[in-house]
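Trainee: Turn this into a structure:
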Amino acid sequence: MDDGSDTAINTSTEDYAAYPALWHLESIGVLGFLRSGTPKGKRSRVAIIDTSVAVAHPCLRDAVKHDLAIDFFSNRLGAFPYYGDRVLEAVFPNLASDIADSLPASRQLFNELVDRLSRGSAPHHRGVAPTTSPDFSNHGTAIAGLVGGRPQTVSIDDGAAAGARSLPLPYCGTDPYCEIVPISTNFDTDPESLILALLYAEIIDASVVLLPRAFPDPFRTVPQLGGDPDLLDAILPARPTDRECTLWGELTELVVAVSLRRPVVCAAGNAREANGIYPANLADADNGIISVGAVNAKGQVAGYSAIDGLTVHGPSNDAERHDRLSVRLDDRDADFADRRCPPQHDNAEFSHFDIISTDVPGAHGYSYSPFAAEDPDGTLREFGSYFCRFGGTSAASAIVAGYVSLGYSSGGLEAGSGGLAAKDWLMAHAVQVETDAGAFRYPAWSGSVNFPDLYGL
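Mentor: Model prediction:
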């Protein structure tokens, strides 16, 4: 509606470009390629070790490899959520892998997992159902959409006089050609499920492994505690057993070993942690671990992200910051005028733009809706809750993982070339960006970054 004022917003379709929900894809240069390019390489497989995923989301239905999705939260050796009563029929390419041969405890777990995955096994171990309800899948669903969401056309009936009609959902992940394998784990301080998750990523021959989370290792999350038994006793409900200590140590070695065969992309943390959180801080020139920080839509390092000691930075949202190094406040906040932003700071670095991703439909996602996800016939009643605002280095790591995956799908990266080759390819397809806060590497498909002009609106 145009009321004749200069501030009126025209919502006709030709102005949709003014609301660039895919600005992050434009900034790394892949949006134009996705509009015109076609996959030339082998279809990439991205293993996401996180929460479960709302696999019925229209933009994720064709992206998720349902038969390989596994849950290590409910079942020690994994449960397969989407098999029903059928026996396992999936193909597991690397059941004879030697990935854990030098790690005795992990090798034992590998043998148990291989036995569990043998043909004829039940999808639910000992009859325990997997804990993969969409109600608890917010984070994993948003991550999956950023990696490999697909545009879809759906049927919607929102009560309008015209009745049900077709509605395009033009959302796109960084690599819409890939297949996603959700590997859900718990968030307890249990190294066993994390080892099993990494072993499973090896067994299914994942092209890329994504860790948009930290590992809660009591010895490495805060490294100083490892050498101080008194501090460790003070913060932990119980000291780790000898076996747990062994597994934590082997987990570190296993992350590195896996990264030499396939890139392991890690979120670097949201508290400006030097060199990133664990296991992102294991990234080194001699391994295939890729630690990922965050950059806002203005090309500035996000207020919560570290800048030094990381492999690359990816697009994400921003956060306020007010310390001796930087003043970055949200001038749209109701309390902004009372914060007395120092006059020498123009606050020009802060970005209001978030990352948009897929969400758990209905009442349990980041974007709430009072309606059930969809009618039994698949018709949507609304689509607002199908997408959400997202951010952090989790979002940035998902976009970078999709970027590396697109390297395989486009034929730029050879399948099975290993984590070091993938990291080298990523660095060759990233450019150095200089800011007042320092320099960082940023993915650039076409050789240059392209932050859209978001602020002339």
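Trainee: which residues of the stretch 301-450 of the chain fall in helices?
Mentor: Across the stretch 301-450 of the chain, reading from the start of the chain, the helices by DSSP state H, counting those that start in this stretch fall at 392-409, 419-428.
Trainee: Mean pLDDT, distance to Ser316 and mean neighbour count added to those, as TSV?
Mentor: Glycine gets a C-beta too; all of them are placed from N, C-alpha and C. Listed next are these as TSV, based on pLDDT from 0 to 100; distance: least, CB to CB, whole Å; neighbours: other CB atoms under 10 Å:
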stretch	mean pLDDT	distance to Ser316	mean neighbour count
helix 392-409	97	4	30
helix 419-428	98	17	18
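Trainee: need the ones you listed in CSV with distance to Gly159, can you?
Mentor: Formatted as CSV, these follow (distance: least, CB to CB, whole Å):
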stretch, distance to Gly159
helix 392-409, 33
helix 419-428, 47
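Trainee: Let me know which of those helices is the nearest to Asp98.
Mentor: Distances from Asp98 to each of the helices of the stretch 301-450 of the chain were compared using CB to CB; the minimum, 16.2 Å, belongs to helix 419-428.
Trainee: what's the closest one in contact with?
Mentor: Taking contacts as CB atoms under 8 Å, 6 or more residues apart in numbering, the residues outside helix 419-428 that touch it are 208, 258-264, 286-290, 311-312, 400, 403-404, 407, 412-414, 441, 443.
Trainee: doesn't Asp175 make contact with Ser44?
Mentor: Yes - counting by CB atoms under 8 Å, Ser44 does reach Asp175; the two are 6.3 Å apart.
Trainee: Which neighbours do those two have in common?
Mentor: Between them, Ser44 and Asp175 share the contacting residues 405-406, 409, judged by CB under 8 Å, 6+ apart.
Trainee: Let me know the closest of the residues you listed to Leu254.
Mentor: Minimum separation from Leu254 among the shared contacts of Ser44 and Asp175 (CB to CB) is found for Ser405, which lies at 21.7 Å.
Trainee: Spit out the contact partners of that closest one.
Mentor: By CB under 8 Å, 6+ apart, Ser405 lies in contact with 44, 46, 147-148, 174-175, 178, 207-208.
Trainee: Pull the most distant pair out of these.
Mentor: Looking at the contacts of Ser405 by CB to CB, the two members farthest from one another are Thr174 and Ser207, with 13.5 Å of separation.
Trainee: for the protein, what helix or strand is lowest in average pLDDT?
Mentor: When the helices and strands of the chain are compared on mean pLDDT, DSSP states H and E, helix 229-235 comes out lowest with a mean of 67.
Trainee: Can you name the next helix or strand after that helix?
Mentor: As assigned by DSSP states H and E, the chain's next helix or strand after helix 229-235 is helix 242-261.
Trainee: and whichever helix or strand comes after that next one, which strands flank it?
Mentor: Going down the chain from helix 242-261, the next helix or strand is strand 264-267, by DSSP H and E. Neighbouring strands of strand 264-267 in its sheet, by DSSP bridges, are strand 208-211 (parallel), strand 289-295 (parallel).
Trainee: for the record, mean pLDDT for strand 264-267?
Mentor: When pLDDT is averaged along strand 264-267, the result is 98.
Trainee: Check stretch 177-192 too.
Mentor: With pLDDT averaged residue by residue, stretch 177-192 scores 91.
Trainee: buried sites along that stretch?
Mentor: Counting neighbours by 16 or more other CB atoms under 10 Å, one finds that the buried residues in stretch 177-192 are 177-185, 189-192.
Trainee: right, and the pair among the residues you listed with maximum separation?
Mentor: Set against one another by CB to CB, the buried residues of stretch 177-192 have their most distant pair in Tyr177 and Thr189, with a gap of 36.9 Å.
Trainee: circling back to that earlier point, looking at Ser44 and Asp175, which has the bigger crowd around it?
Mentor: Using other CB atoms under 10 Å as the criterion, Ser44 and Asp175 rank with Asp175 on top: 32 against 27.
Trainee: Could you double-check that the more buried one lies in contact with Gly148?
Mentor: Yes - the pair Asp175 / Gly148 is scored as a contact, 5.3 Å apart, by CB under 8 Å.
Trainee: who touches both of those two?
Mentor: In the contact map built from CB under 8 Å, 6+ apart, the residues linked to both Asp175 and Gly148 are 46, 402, 405.
Trainee: Return the residues in contact with the spatially closest residue to the first one that is not a sequence neighbour.
Mentor: Setting aside the residues directly before and after it, Val46 is nearest to Val208 in space (CB to CB, 6 or more residues apart in numbering), at 4.7 Å. Under the criterion of CB under 8 Å, 6+ apart, the neighbours of Val208 are 44-47, 262-263, 265, 401, 404-405, 408, 422.
Trainee: so where's the stretch 1-150 of the chain shaky on pLDDT?
Mentor: In the prediction, the stretch 1-150 of the chain carries residues with pLDDT under 70 at positions 1-19, 37.
Trainee: Okay, strands next: where are they in it?
Mentor: Listed in chain order, the strands of the stretch 1-150 of the chain (DSSP state E, counting those that start in this stretch) span 45-50, 70-71.
Trainee: Rebuild the contacts of Ser405 as JSON lines, extending it with distance to Ala395.
Mentor: Converted to JSON lines, the contacts of Ser405 look like this (distance: CB to CB, whole Å):
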{"residue": "Ser44", "distance to Ala395": "19"}
{"residue": "Val46", "distance to Ala395": "15"}
{"residue": "Val147", "distance to Ala395": "10"}
{"residue": "Gly148", "distance to Ala395": "14"}
{"residue": "Thr174", "distance to Ala395": "11"}
{"residue": "Asp175", "distance to Ala395": "15"}
{"residue": "Cys178", "distance to Ala395": "17"}
{"residue": "Ser207", "distance to Ala395": "20"}
{"residue": "Val208", "distance to Ala395": "16"}
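Trainee: Check those against Asn317 and report the nearest one.
Mentor: Distance to Asn317, by CB to CB, is smallest for Thr174 among those, at 16.3 Å.
Trainee: Could you find the closest non-adjacent residue to Gly378?
Mentor: Ser155 (6.7 Å).
Trainee: The one you found: helix or strand, and which one exactly?
Mentor: When secondary structure is defined by DSSP H and E, Ser155 falls within strand 152-156.
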